[in-house]
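# Sequence unavailable; structure follows:
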Ligand code: PLP
């Protein structure tokens, strides 16, 4: 198998796994229990919090552990919307956010919030003029993702943070797809709230965090005991938190070198594809991107069919299409970037990671050449010139 879908999920780093094992098998106490067995678990959670805080560049008290990037996004958005001090109901976001943010915005609209969905340019970069002019006296939150999951496109979040700060508006960024891929400390982005998730950076599934800058007022979404500074009730996933901290530290430590390696592999992929297949487009290529992601559109072929064709050849990749209903819709991200629906439907995402080697790229390009040629023959669309790279 060649796995080129690291934006969907990653393998568990064996070092994170090793760190978790004792808390699954031996030290399985409840961190809230008052005796020594519970205290051991509590100490592990707090050590993990310190470790994550150091990587993020914040204080341990500013880290809230949660169960997923989705939950972290929900806590940020609903938390601000329902905060006691929120002085309005207007939220500003972009048209290209992950559904964890978009569908939460839609849910908040049903509860009376007004949401502005900012447009992006052809490369998926948010329109800063539209952002500045969208802000109003009743704006309670700006939420703009750091890196896009489909194209890898990176938004100017530091610039947005500066605007938000001047206007006194809380700013959330979904850094699920940038954390551990870009070396910069998350607190350094300048946002008040930052979401990131374990299983995207070689940590365990079911682990994530929300960075909440000191002084940012949010309401809890899950109520119960006073866990996680009263912001996320529920007995802590001790082993998951320990593994998350280990994986986060390791991912950020290696981000610079691994980023250079992955970018070279992605350039190899895009270079070979462009020279071997006609009528192909690299979506969002002129914008800054995280180094591991490539989103390609092939004219005249459907992305789903390419994914299936590659799967038969042992290669895992994905489309940008949301296919929850079995009826693939063109990607909302690519449509927002101005791609016509048929081009958006022909798109496929390769996301490289730690397992990816040069040979994997070469094998994938050969498989892609065959698959696209076959599909174009069937649909009698223009064929590629032939010949493998
Ligand atoms: N935000 C972005 C940008 C994502 O790519 C994802 C997952 O793909 C999420 C949020 C949700 O993260 P999780 O799978 O941890 O719920």
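Happy to help now that I have it. Owing to the predicted nature of the structure, the values given are computational and were not obtained by experimental measurement.

# Around the ligand, which positions in the stretch 151-300 of the chain sit nearby?
174, 176, 177, 197, 199, 208 (CB under 6 Å from any ligand atom). For every residue, glycine as well, the C-beta is placed using N, CA and C.

# which of those has the most neighbours?
In terms of neighbour count, residue 174 stands highest of those at 33 neighbours, by other CB atoms under 10 Å.

# Would you agree that residue is in contact with residue 99?
No - at 10.9 Å, residue 174 and residue 99 do not qualify as touching, with contact defined as CB atoms under 8 Å.

# tell me which parts of the stretch 1-150 of the chain are close to the ligand?
Near the ligand, when you scan the stretch 1-150 of the chain using CB under 6 Å from any ligand atom, you find 68, 69, 70, 73, 98, 100, 145, 149.

# how about 5 Å then?
Within the stretch 1-150 of the chain, the residues that sit near the ligand (CB under 5 Å from any ligand atom) are 68, 69, 70, 98, 100, 149.

# just to revisit the earlier point, among the residues of the stretch 151-300 of the chain next to the ligand, which lie within strands?
174, 197, 208 (DSSP state E).

# residues contacting the spatially closest residue to the second one that is not a sequence neighbour?
Okay, so that is residue 197. Closest residue to residue 197 apart from its sequence neighbours, by CB to CB, 6 or more residues apart in numbering: residue 69 at 3.3 Å. Shown in contact with residue 69 (CB atoms under 8 Å, 6 or more residues apart in numbering): 98, 100, 174, 176, 195, 196, 197, 200, 208.

# rerun that using 7 Å as the cut-off
By CB atoms under 7 Å, 6 or more residues apart in numbering, the contact list for residue 69 reads 100, 176, 195, 196, 197, 208.

# any idea how far the closest residue to the ligand within the chain lies from residue 374?
Across the chain, no residue is closer to the ligand than residue 69, which sits at 2.5 Å (CB to the nearest ligand atom). According to CB to CB, to the nearest Å, residue 69 and residue 374 sit 36 Å apart.

# same question, residue 265
For residue 265, the distance to residue 374 equals 25 Å [CB to CB].

# Look at those two and report which has more neighbours.
residue 265 (22 against 15).

# That one belongs to a helix?
Yes - assigned with DSSP: H, G, I helix; E, B strand; the rest coil, residue 265 falls within a helix.

# what number of residues lie near residue 223?
For residue 223, the neighbour count with other CB under 10 Å is 12.

# can you pull the pLDDT of it?
In this model, residue 223 is scored at 95, pLDDT.

# Helix, strand, or coil at the closest residue to it other than its chain neighbours?
Using CB to CB, 6+ apart and skipping residues adjacent in sequence, the residue nearest residue 223 is residue 233, 5.6 Å away. At residue 233 the chain is in coil, as set by three-state DSSP.

# so what's residue 233 up against?
220, 222, 223, 224, 225, 227.

# Counting neighbours, what do you get for the fifth one?
With neighbours defined by other CB under 10 Å, the count for residue 225 comes to 10.

# Helix, strand, or coil at it?
Quick answer, by three-state DSSP: residue 225 is coil.

# And it, how far from residue 45?
14 Å.

# pLDDT value on residue 379, please?
Looking at residue 379, the pLDDT reads 82.

# ok, it touching residue 300?
Yes - here residue 379 reaches residue 300: they are 5.8 Å apart, a contact under CB atoms under 7 Å.

# the more surrounded of those two?
residue 300 (16 against 12).

# Helix, strand or coil: sort out the more buried one for me.
coil.

# One more: residue 142?
Secondary structure for residue 142, judged by three-state DSSP, is strand.

# i'd like the first residue to be 607 from this point on
New numbering, starting at 607: the last item is residue 748.

# Show me what secondary structure element comes after the helix or strand of the chain at the bottom of the mean pLDDT ranking.
Here the helix or strand of the chain ranked lowest by mean pLDDT, DSSP states H and E is helix 947-951, holding a mean of 90. Per DSSP states H and E, the first helix or strand lying C-terminal to helix 947-951 is strand 953-957.

# Against which helices or strands is that following strand packed?
Counting contacts by 3 or more CB pairs under 7 Å, 6 or more residues apart in numbering; DSSP states H and E, strand 953-957 packs against strand 899-904, helix 909-918.

# Neighbours of residue 794, how many?
The burial count for residue 794: 12, using other CB under 10 Å.

# so it sits in a helix?
Yes - note on residue 794: a helix contains this position according to three-state DSSP.

# Can you tell me the closest non-neighbouring residue to it?
In this structure, residue 794 finds its nearest non-sequential neighbour in residue 663, 5.6 Å apart by CB to CB, 6+ apart.

# tell me the contacts of the one you found?
With CB under 7 Å, 6+ apart, residue 663 has these contacts: 791, 792, 793, 794.

# pLDDT value on it, please?
Reported pLDDT for residue 663: 97.

# Please report the distance of it from residue 817.
Going from residue 663 to residue 817 by CB to CB gives 9 Å.

# Give the residues shared as contacts by those two.
In contact with both residue 663 and residue 817: 792, 793, using CB under 7 Å, 6+ apart.

# Farthest pair within the contacts of residue 675?
Using CB to CB, the pair of the contacts of residue 675 lying farthest apart is 706 and 802, separated by 12.1 Å.

# Is it correct that residue 801 is in contact with residue 678?
Yes - contact criterion CB under 7 Å: residue 801 and residue 678 qualify, at 3.7 Å.

# Tell me how many other residues crowd residue 869.
For residue 869, the neighbour count with other CB under 10 Å is 15.

# quick revisit: of residue 706 and residue 802, who's got more company?
Neighbour totals were compared for residue 706 and residue 802, and residue 802 leads with 29 against 22 (other CB under 10 Å).

# show me the contacts for that one.
675, 781, 782, 785, 792, 814, 815.

# likewise residue 643?
By CB under 7 Å, 6+ apart, the residues touching residue 643 are residue 635.

# Where does it sit: helix, strand or coil?
Residue 643 - assigned by three-state DSSP - is helix.

# Look at it and report its pLDDT.
Per-residue pLDDT puts residue 643 at 98.

# Noted, bye for now.
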